[in-house]
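> sequence isn't available, so here's the structure alone:
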């Protein structure tokens, strides 16, 4: 959905509520966990966050608190949403003088000794079709902690298709900025969810 000015909280909450009735807009649900389907553009980005148990705990807290969305031009609605399967969120993006609002649903979570995170998938009203996984991983041998983003997508909305080079630019910029946000979050105390 597109807006010429930033939608207020009430509009965003109504949008998320309506999206809760939507279905996922792609058939290959969970494929970021197994193998990506054919016919999509793939993006895979990783950044080292540090090493050791303290960094590992901070990285997991950052995922729980959606710190990868602490960006100037992208807002997660809402960062207090629990990272649990079937939770719906909206992503508000400011670009080219207007705003776009797209809904997604968490399709699975990961809570393993050396890997933690989740993936969300696009809902029918989303401009794109696909899935994105956000994980942190700890290498048991070296103690290194990594943030990993893996996604498959393709344009669904006519404007996303017509503006595909710009859409790809935004996707690449999000990955770069998201990795920087996660790195910044390692220097900040974790916020507790209540």
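Received the coordinates, thanks. Predicted model only: the values in this text are computed from it and were never measured.
> what is the longest helix along the chain packed up against?
Identified as the longest helix of the chain according to DSSP state H is helix 164-185. Secondary-structure packing of helix 164-185 (3 or more Cβ pairs under 8 Å, 6 or more residues apart in numbering; DSSP states H and E): strand 41-51, helix 53-64, strand 88-95, strand 144-155. For the C-beta atoms, the positions are set from N, CA and C on the backbone; glycine is no exception.
> using TSV, lay out the ones you listed together with distance to residue 111, mean neighbour count and mean pLDDT.
TSV is the format used below for the helices and strands packed on helix 164-185 (distance: least, Cβ to Cβ, whole Å; neighbours: other Cβ atoms under 10 Å; pLDDT from 0 to 100):
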stretch	distance to residue 111	mean neighbour count	mean pLDDT
strand 41-51	18	15	96
helix 53-64	9	19	97
strand 88-95	19	19	93
strand 144-155	15	21	96
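> which one of the ones you listed lies nearest to residue 15?
Distance to residue 15, taken as Cβ to Cβ, is lowest for strand 88-95 among these, at 5.8 Å.
> could I get the buried residue list for the next helix or strand after the closest one?
Toward the C-terminal end, the helix or strand that comes next after strand 88-95 (DSSP states H and E) is strand 98-112. By 16 or more other Cβ atoms under 10 Å, the buried positions in strand 98-112 come out as 99-108, 110.
> where does pLDDT dip in the chain?
The model of the chain has pLDDT under 70 over residues 3, 159-161, 188-194.
> most remote residue from the middle of it, which is it?
Within the chain, residue 141 marks the point farthest from the mean C-alpha position, 28.2 Å out by Cα atoms, centre = their mean.
> can I get the buried residues of strand 98-112 in a markdown table with distance to residue 123?
Listed next are these as a markdown table, based on distance: Cβ to Cβ, whole Å:
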| residue | distance to residue 123 |
| --- | --- |
| 99 | 18 |
| 100 | 14 |
| 101 | 11 |
| 102 | 8 |
| 103 | 4 |
| 104 | 6 |
| 105 | 6 |
| 106 | 11 |
| 107 | 11 |
| 108 | 16 |
| 110 | 21 |
